[in-house]
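Participant: Coordinates for the following, if possible.
(4 chains)
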Protein chains: 2
Amino acid sequence: MEGSERIEAALGGKAESILAAAKRAFLANGFGAVSMDTIARDAGVSKATVYAHFAGKEELFGAVIGRECERRFDDLSVSELDPRTVRISLTTLGRRFLDFILSPDEIALHRIILGEVTRFPALGEVFWRAGPERNLAQIQAFMRTAATSGSLALPDTRVAAEQFVGLLRSKVQLLYLLRLESEPGQPTIGEVVENAVDTFIRAFGRSSASQGS
Amino acid sequence: MEGSERIEAALGGKAESILAAAKRAFLANGFGAVSMDTIARDAGVSKATVYAHFAGKEELFGAVIGRECERRFDDLSVSELDPRTVRISLTTLGRRFLDFILSPDEIALHRIILGEVTRFPALGEVFWRAGPERNLAQIQAFMRTAATSGSLALPDTRVAAEQFVGLLRSKVQLLYLLRLESEPGQPTIGEVVENAVDTFIRAFGRSSASQGS
DNA sequence: GTCTATACAGTGATAGAC
DNA sequence: GTCTATCACTGTATAGAC
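Facilitator: Now for the predicted structure:
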């Protein structure tokens, strides 16, 4: 244990504190509204220590965001889904996807990326590759099995995956991003998923499983 | 003409210059990266004049964004669309909608709003009411006529409108927001519209018009 | 209202002791 | 590596003359 502490110290436990504090500050307030002073104080170190680990504010921001993009790997576990029970599988898949993209951290990250992509153009691709692209790949994988097994009649599995995502996000993701998620009269996540699955199966369903109650 | 110049001067031609300069700066760079110095210089007035018209940077920002939200009224002209030729009408409608939300000004506004909604919580509702909500209302109006005329079998016109929008935005809006619109291998706007209309008619179409080539 | 000049706070970044 | 103290600079905002 003494050894592991040694190693941790050698790797820089303070670097982790700084990154953690920077993550909290940046995700909550964006780039411009956060000062290096705040980050240093919140991390329990001096400002000079921050600069000993990171060349500047922009580099620190890039490190935080890049890390955050990589960390969040949304495993939709599509291999566990049975393509023969399409409605159930699509509902599970849709629910997992929406729970992920509507989680507070993911919404905050989404806001930051879009707000700062003009100043940090590289972030756009980093975000896309780490998030939406992976999700689409997983969903497309399920679409392929469903098409192969004959449960769905899909002219193009890639387009199908993109459209299923579009049906799921509908307006609900934008409402969350705009902080309007608790407006009265809005449908629940469960209803959004149900509606998306209904429509998707109306369009591409083949078997009697497409006729739900 | 002398009179109109007088009036313009009385209303403050400089206020317009300031708002115009602020709009350019804020839409291009966000809130934090813009200084009142830049705005004043770009507007051709002194900084004190800016403060004579607007209480501070935040108020100026709010004025610019609020104005921008109101200005952009996207008239989809749904009353001109014939519900009997569903495929053509949906294609026209989808094209107009996508051309609007993917226009440079709209994309820039979208980025700013999402990036600053944490600092300016009121902007979320302003944006929603002025843009997405109006678009949805117009699209829903068309869905109603299509349902009444029997061209589409829609269980819920509101949900149908939201889902049509979801199919249209699919991933293309996010790609534009992330500045990845010119990545190779991406579908054109025309293809996105076509795919959205295909799927929508597969789900809700009734007549033989749903069987396109 | 408009300008020039300036006050004042806060920022990112660094020097030097330990 | 880490700290305290400080730098140079930019930012918002204002005072006073016209």
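Participant: Show me the shaky parts of chain A.
Facilitator: Across chain A, the ranges flagged by pLDDT under 70 are A:1-12, A:207-213.
Participant: I'd like the distance between the nearest residue to A:A147 once chain neighbours are set aside and B:D198.
Facilitator: Setting aside the residues directly before and after it, A:A147 is nearest to A:L154 in space (CB to CB, 6 or more residues apart in numbering or on different chains), at 4.5 Å. Where C-beta positions appear, they are placed from N, C-alpha and C, glycine not excepted. Counting by CB to CB, to the nearest Å, the gap from A:L154 to B:D198 is 12 Å.
Participant: Ok, A:F97 next?
Facilitator: 23 Å.
Participant: any idea how far A:T145 is from A:S79?
Facilitator: A:T145 is 9 Å from A:S79, by CB to CB.
Participant: Looking at the two, which is more packed in?
Facilitator: A direct count of neighbours by other CB atoms under 10 Å in any protein chain shown for A:T145 and A:S79 places A:T145 higher, at 18 against 9.
Participant: Contact partners for the more buried one?
Facilitator: By CB atoms under 8 Å, 6 or more residues apart in numbering or on different chains, the residues touching A:T145 are A:78, A:83.
Participant: Count the neighbours of A:S89 for me.
Facilitator: Neighbours of A:S89 under the rule other CB under 10 Å: 21.
Participant: now check the helix or strand hosting it, is it near chain B?
Facilitator: Element membership of A:S89, judged by DSSP states H and E, is helix A:86-101. No - Helix A:86-101 does not reach chain B (CB under 8 Å from any CB of the partner chain); its nearest approach is 10.9 Å.
Participant: helices or strands up against that helix?
Facilitator: helix A:104-116, helix A:132-148, helix A:157-169, helix A:189-204 (3 or more CB pairs under 8 Å, 6 or more residues apart in numbering or on different chains; DSSP states H and E).
Participant: the inter-axis angle of the second one versus helix A:86-101?
Facilitator: Relative orientation of helix A:132-148 with respect to helix A:86-101: 180 degrees, computed using axes from the mean of the first three to the mean of the last three CA atoms, to 10 degrees.
Participant: What residues of helix A:132-148 count as buried?
Facilitator: A:132, A:134-136, A:138-147 (16 or more other CB atoms under 10 Å in any protein chain shown).
Participant: cool, and the last one?
Facilitator: If you call a residue buried by 16+ other CB under 10 Å, then helix A:189-204 has these buried ones: A:189, A:192-204.
Participant: Just send the residues you listed back as TSV, with distance to B:I88 too.
Facilitator: What follows is the buried residues of helix A:189-204, written out as TSV (distance: CB to CB, whole Å):
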residue	distance to B:I88
A:I189	35
A:V192	29
A:V193	32
A:E194	31
A:N195	26
A:A196	26
A:V197	29
A:D198	26
A:T199	21
A:F200	24
A:I201	26
A:R202	21
A:A203	19
A:F204	23
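Participant: quick one, what contacts the closest residue to A:D99 other than its chain neighbours?
Facilitator: Excluding the flanking residues, the one nearest A:D99 by CB to CB, 6+ apart is A:I189, at 7.3 Å. The contact partners of A:I189, by CB under 8 Å, 6+ apart, come to A:95, A:98-99, A:102, A:172.
Participant: And A:I189, how close does it get to A:F54?
Facilitator: 38 Å.
Participant: which residues touch the helix holding A:S89?
Facilitator: A:74, A:76-78, A:81-83, A:106-107, A:110, A:135, A:139, A:142, A:146, A:151-152, A:164-165, A:168-169, A:172-173, A:189-190, A:192-194, A:196-197, A:200-201, A:205, A:207, A:209-210, A:212.
Participant: just to revisit the earlier point, wait, doesn't the residue nearest to A:A147 sit right on A:A146?
Facilitator: Yes - A:L154 is within contact range of A:A146, at 7.2 Å (criterion: CB atoms under 8 Å).
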